[in-house]
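Q: got a sequence here, can you model it:
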Amino acid sequence: MSETFVLVTGAWHGGWAWRPTAEHLRAAGHRVFTPTLPGLHDGDDPTRLHLSDTVDAVVDLVERESLSDVTLVGHSWGGYVITGAAHRLASRLRKLVYWSAFVPAEGRPLYDEVPPPYQQLFDGQAQASGNNSVAMPFEVWQQAFINDADEPIQRLTHSLIVPQPMQYFTETVDPIDPATLGVPVSYVLSSEDIALPPGEFGWDRFAARLGVEPQAAPGSHEACFTRPAGLAEALIKA
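A: Residues are numbered from 1 along each chain as shown. Next comes the predicted model:
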């Protein structure tokens, strides 16, 4: 059965990052939209943007295209975006899928959900940037985000990502209540994902926050590049 997917990227990514996965979804007969959110186009000025602008962009896309029965997928930081959008799009949604994603809690921005070394990294990058943005150091990308790729792929993908507005990490959205949203919710977790270290800050807590068991997908946090066929299959099954 054909579905309509709207795929929302994580921090530092544009919609282009979904292309390998989107091609597999389209080959299976599905319709796919992969927006690049405000602040994440090459050359965007991040200083006047807010997290709410990214939510508005997803809502505007779905309404402008008159989409219905949508599978809305959020990756990593994109969990904040799809959570904010879900409140306004519930009647248009088929399901809500978090892939290795943050699930917002009341009053807690992403900054509060990451280990102290990431907080220190974000603070230092934002202060040094001159425009309150956070760049991804190659060493962190290589070791924690795309650890299942060879170095040439790690370097190529790193060269394509853009700085993230810091306020996207410090602002928050109202959480969803899966019991009252009226939309099925699932959580997909990549098997080699160490972007958040296992333990207190691990990804499993977010599936538990939704009250669901995580469903496995192959690859690292960046399986959209390294294991797109397996990721597409997991998103279809979610």
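Q: hey, where'd the helices end up in the chain?
A: 19-27, 51-64, 78-89, 116-129, 138-140, 151-160, 167-170, 178-181, 204-210, 223-226, 228-237 (DSSP state H).
Q: and the fifth one, how far out from the chain's middle?
A: Spelled out, it's helix 138-140. 19 Å (Cα atoms, centre = their mean, to the nearest Å).
Q: which secondary structure element of this structure has the lowest mean pLDDT?
A: When each helix and strand of the chain is scored by mean pLDDT, DSSP states H and E, helix 178-181 comes last, with a mean of 92.
Q: want to throw the helices of the chain into CSV with distance to H13 and mean neighbour count?
A: Backbone N, C-alpha and C define where each C-beta goes, glycine included. Below are the helices of the chain laid out as CSV (distance: least, Cβ to Cβ, whole Å; neighbours: other Cβ atoms under 10 Å):
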stretch, distance to H13, mean neighbour count
helix 19-27, 11, 18
helix 51-64, 12, 18
helix 78-89, 8, 25
helix 116-129, 17, 14
helix 138-140, 15, 12
helix 151-160, 8, 14
helix 167-170, 12, 21
helix 178-181, 26, 12
helix 204-210, 19, 17
helix 223-226, 8, 26
helix 228-237, 14, 20
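Q: make TSV from those helices and add distance to A216 to it.
A: Listed next are the helices of the chain as TSV, based on distance: least, Cβ to Cβ, whole Å:
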stretch	distance to A216
helix 19-27	16
helix 51-64	26
helix 78-89	18
helix 116-129	24
helix 138-140	24
helix 151-160	22
helix 167-170	27
helix 178-181	20
helix 204-210	11
helix 223-226	11
helix 228-237	7
